[in-house]
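Student: got a structure for you, letters missing:
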Ligand SMILES: NC(=O)C1=CN([C@@H]2O[C@H](COP(=O)(O)OP(=O)(O)OC[C@H]3O[C@@H](n4cnc5c(N)ncnc54)[C@H](O)[C@@H]3O)[C@@H](O)[C@H]2O)C=CC1
Ligand SMILES: NCC(=O)COP(=O)(O)O
């Protein structure tokens, strides 16, 4: 009896590298070591990806997840929603954007119906999703909406043992400062704390990055540290969270990579992502943090510039699958 978790593998934007990654891993029989996989996406895009990879595996193509025989060939839930003719490599299309939004909804519906125990997704193109009608800031907001989730949520980037959460994410830099409030910082702190605890760290050590040079130099070059970050740290401590900082952001990750912290709470997207991607671009993953379901993707994007060339590296997505499997097994044990 195979008790490995059932995980959906959304192929992602057909014009990007997601389908190729999934095809490569299928050919290597990678998924079976961590889960019972069901590939979710347009089978024509997947077949195109197998063509790029230069190899293939027998497929069990279904249109309803209940039709899957888990002892038979690799299952593909065919969505018929990204025609390769309309979705050429490297081109942003509304068709792919819409398919990605629909895929997320299906993934959540299947999870709620207990048909899958989590899912990974190949990279989405945020602009494509917006053009397809998503008015929310990101897919994480869309996922939270699908779950009616009001508690803290958001991208958690993980590299090795280090987890990061973001106070602000996909907004213009010009708007970061006014979006830094004690409440928002505290939500990112709580998200980091709860997620790390769920991963087995009893009392996570969290560092908060400053916003300004030299952590504001006592207000000489910026007041956000005094006005919002320090009060958020004080409140976190009152809640029993091991939070410290704000550390000048040019030193925060040096300390973190030395092992001084389990998690870093950043103030804006690139503060954490530059550090993590420099350190391990090929390995990083993004968890849809705070949500009930294990949902994980690679930290890299659609890589339109190399899509269709067969040269994409698969290691980050492999780590995403490993993490989703680990989270799903953890939930199985709690049930
Ligand atoms: N997992 C997801 O859904 C993510 C999606 N994105 C989306 O992807 C799109 C493009 O984002 P960019 O910032 O341009 O970054 P990107 O990660 O797609 O590409 C940056 C550079 O890294 C290379 N690269 C990326 N992944 C690679 C891999 N696995 N193997 C070899 N080379 C690789 C690309 O060829 C490119 O030169 C955006 O629309 C963004 O929203 C970005 C990050 C994560
Ligand atoms: N479409 C996903 C996305 O853009 C996530 O990117 P990042 O914020 O993790 O860099």
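Tutor: Happy to help now that I have it. None of these values were measured; they are calculated from a predicted model. Residues are numbered from 1 along each chain as shown. Ligands and ions are numbered 1, 2, ... in the order given.
Student: got a list of what the closest residue to ligand 1 within the chain touches?
Tutor: Of all residues in the chain, the one sitting closest to ligand 1 is residue 301 (2.2 Å; CB to the nearest ligand atom). No exception for glycine: its C-beta is placed from N, CA and C like everyone else's. The neighbourhood of residue 301, defined by CB atoms under 8 Å, 6 or more residues apart in numbering, consists of 16, 123, 125.
Student: Over to residue 192?
Tutor: Here residue 192 is in contact with 156, 163, 164, 165, 204, 206, 263, 264, 265 (criterion: CB under 8 Å, 6+ apart).
Student: which of the residues you listed tops the neighbour count?
Tutor: residue 265 (33 neighbours; other CB atoms under 10 Å).
Student: For it, name its beta-bridge partners.
Tutor: Beta bridges link residue 265 to residue 165, residue 208, judged by DSSP bridges.
Student: My read is that it contacts residue 184, right?
Tutor: No: if you go by CB atoms under 8 Å, residue 265 and residue 184 don't touch, sitting 10.5 Å apart.
Student: Look up how far ligand 2 lies from residue 172.
Tutor: 14 Å (CB to the nearest ligand atom, to the nearest Å).
Student: what pLDDT does that residue get?
Tutor: In this prediction, residue 172 carries a pLDDT score of 97.
Student: So it versus residue 154, what's the distance?
Tutor: 17 Å (CB to CB, to the nearest Å).
Student: Of those two, give the one with the bigger neighbour count.
Tutor: residue 154 (24 against 8).
Student: now the more buried one: how far from ligand 2?
Tutor: 9 Å.
Student: tell me the contacts of that residue?
Tutor: Neighbours of residue 154 in contact, by CB under 8 Å, 6+ apart: 140, 165, 166, 169, 188, 191, 289, 290.
Student: Give me the phi and psi for it.
Tutor: phi 150, psi 180 (degrees, to the nearest 10).
Student: Strands along the chain, start to end?
Tutor: 6-10, 36-41, 59-62, 74-78, 119-121, 154-159, 162-166, 205-209, 242-247, 263-266, 285-289, 295-298 (DSSP state E).
Student: pLDDT (mean, whole number) over stretch 184-196?
Tutor: On average, stretch 184-196 scores 95.
Student: wait, doesn't residue 165 sit right on residue 265?
Tutor: Yes: using CB under 8 Å, residue 165 is in contact with residue 265, at 5.4 Å.
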